[in-house]
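K.L.:
the sequence and its predicted three-dimensional model are supplied below.
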Amino acid sequence: MNHGARYQGDANPYRKKHFHDTANEHPSCALAGVAWAGNAVPLATRQEALAAGFSPCIFCMPYEKGAD
């Protein structure tokens with residue numbers, strides 16, 4: 001699926017702020033649902049996502065520090 005930017009944040013105010021790596025999309029990841037619901041925030045870099053308060057998705061980036 002083409003998401004535009006490599007990293008996508010979930011801007012749903014009712015869920016924890018996670019970001020997803022579109023280059024490592026996993027079937028268990030909620031990325032497709034985030035995009036479908038219109039809650040995807042394009043993020044150019046991993047550092048930008050972390051600075052914006054997003055934490056890594058446990059499914060896309062299981063080895064990243066802080067992934068949950």
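P.N.:
Okay, I see it. Numbers count the residues shown, from 1 in each chain.

K.L.:
flag every buried residue along stretch 46-54.
P.N.:
Buried residues in stretch 46-54, counting neighbours by 16 or more other C-beta atoms under 10 Å, are found at 46, 49-50, 54. Just so you know, the C-beta spots here come from the backbone N, C-alpha and C atoms, and that holds for glycine as well.

K.L.:
of these, closest to residue 10?
P.N.:
When those are compared for distance to residue 10 (C-beta to C-beta), residue 54 comes out closest, at 7.7 Å.

K.L.:
thinking again about what came up before, which of the buried residues of stretch 46-54 fall within strands?
P.N.:
Secondary structure from DSSP state E places none of the buried residues of stretch 46-54 in strands.

K.L.:
just checking, residue 11 touches residue 42?
P.N.:
No. Under the criterion of C-beta atoms under 8 Å, residue 11 is not in contact with residue 42, lying 10.5 Å apart.

K.L.:
re the thing from before, and the buried residues of stretch 46-54, which two are furthest apart?
P.N.:
46 and 54 (9.5 Å).

K.L.:
list residues touching both of the two?
P.N.:
When contacts are counted by C-beta atoms under 8 Å, 6 or more residues apart in numbering, residue 46 and residue 54 have residue 19 as shared neighbours.

K.L.:
can you name the next helix or strand after the least confident helix or strand in the chain by mean pLDDT?
P.N.:
Per-element confidence for the chain was summarised using mean pLDDT, DSSP states H and E. The lowest value among helices and strands belongs to helix 31-36, with a mean of 86. Towards the C-terminus, the helix or strand next in line after helix 31-36, according to DSSP states H and E, is strand 40-43.

K.L.:
and that following strand, what does it pack against?
P.N.:
With contacts taken as 3 or more C-beta pairs under 8 Å, 6 or more residues apart in numbering; DSSP states H and E, strand 40-43 sits against strand 7-10.

K.L.:
buried set for the helix or strand immediately after the strand it packs on in the chain?
P.N.:
Proceeding N to C from strand 7-10, the next assigned helix or strand is strand 18-21, under DSSP H and E. Of the residues in strand 18-21, 18-21 count as buried by neighbour count, 16+ other C-beta under 10 Å.
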